[in-house]
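Q: coords please:
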Amino acid sequence: MLYNIFMNAFIEYIAIFFALLIVLPFHEFAHAFAAVKSGDMTPKLYKRYTLNPLAHFDITGILCFVFFRFGWAKPVPVNPNNFKHYKRGCFFVSIAGVLMNYLIAFIAYPLFLLAQKYVPESWSYLGKLIIYFPLFLYVLSINFFVFNLLPIYPLDGFRVLDVATKRRGKVYYFLRNNGQKILLGLILLGVIANITNFYYIDILGIAMNFLRGIVSYPIELLWNFVFGVI
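A: Next comes the predicted model:
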């Protein structure tokens, strides 16, 4: 019994690790690709124009992914002053990563449905790994999409907001100067909520769950219809 529990947990973490090898580098490479196409060679100079996971991993972000199913990678260095069209370049670079994550989620979900349907139970733990991998690839991609679109510095959502708005009021500068502290505080509230079962204080978790339901609905609706899943 304990062996099965241990093996199931082990297989889950292996699947998460392999999923992260795709989710994180593809997200950051999309930023780098958009920057280079916009005229900025900075990602290439810093050797971030690559799909190599080691170039993009951030330890704290990885741990948050493993334990909370959302996290972050090292931001790709970009110099907007090199863009051919400043605002257009800023917008596309900001949005490129999350669009890549949504595309991966769109591909991963039907792979999960296929694995769930056709992988035989006799394959035991190997079969579970084959099922878990596209599942976590989908879940982590959706989580990364939602998390990074939150309008909190230094996330992509704040950068999109930065491009879209002209006014720079007190709220903007507060979020700009204290974004990382706010983000860590929200994550800490989530940890406390899990320990104490006071889930109503998990503001980030509540917001993530709500937004996940919205952005995942079109993908699941389409592919469930295609595969006849009720």
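Q: number of residues surrounding Leu99?
A: Other residues near Leu99 come to 15 when the count uses other C-beta atoms under 10 Å. Glycine gets a C-beta too; all of them are placed from N, C-alpha and C.
Q: quick check, central residue of the chain?
A: Centroid-nearest residue in the chain: Phe144, 1.5 Å away (criterion: C-alpha atoms, centre = their mean).
Q: buried sites along the strand or helix carrying that residue?
A: Assigned by DSSP states H and E, Phe144 belongs to helix 124-148. By 16 or more other C-beta atoms under 10 Å, the buried positions in helix 124-148 come out as 127-148.
Q: again with stretch 32-44
A: Buried residues in stretch 32-44 (16+ other C-beta under 10 Å): 32-36, 38, 40, 42-43.
Q: tell me the one of those nearest His85?
A: Ser38 (7.3 Å; C-beta to C-beta).
Q: and for the closest residue to that closest one other than its chain neighbours, the neighbour number?
A: Leaving aside its sequence neighbours, Ser38 sits nearest to Gly89 (C-beta to C-beta, 6 or more residues apart in numbering; 3.5 Å). The number of residues packed near Gly89 is 22, by other C-beta under 10 Å.
Q: next: Ala19.
A: Applying other C-beta under 10 Å, we find 23 other residues in the vicinity of Ala19.
Q: shouldn't it be in contact with Leu129?
A: No - using C-beta atoms under 8 Å, Ala19 makes no contact with Leu129, being 11.1 Å away.
Q: before we move on, back to that, can you tell me, leaving aside adjacent residues, what's nearest to the residue nearest to the centre of the chain?
A: Using C-beta to C-beta, 6+ apart and skipping the chain neighbours, the partner closest in space to Phe144 is Asn101 (4.7 Å).
Q: separation between the one you found and Val36?
A: Using C-beta to C-beta, to the nearest Å, Asn101 is found at 19 Å from Val36.
Q: and if you look at Ala105?
A: 24 Å.
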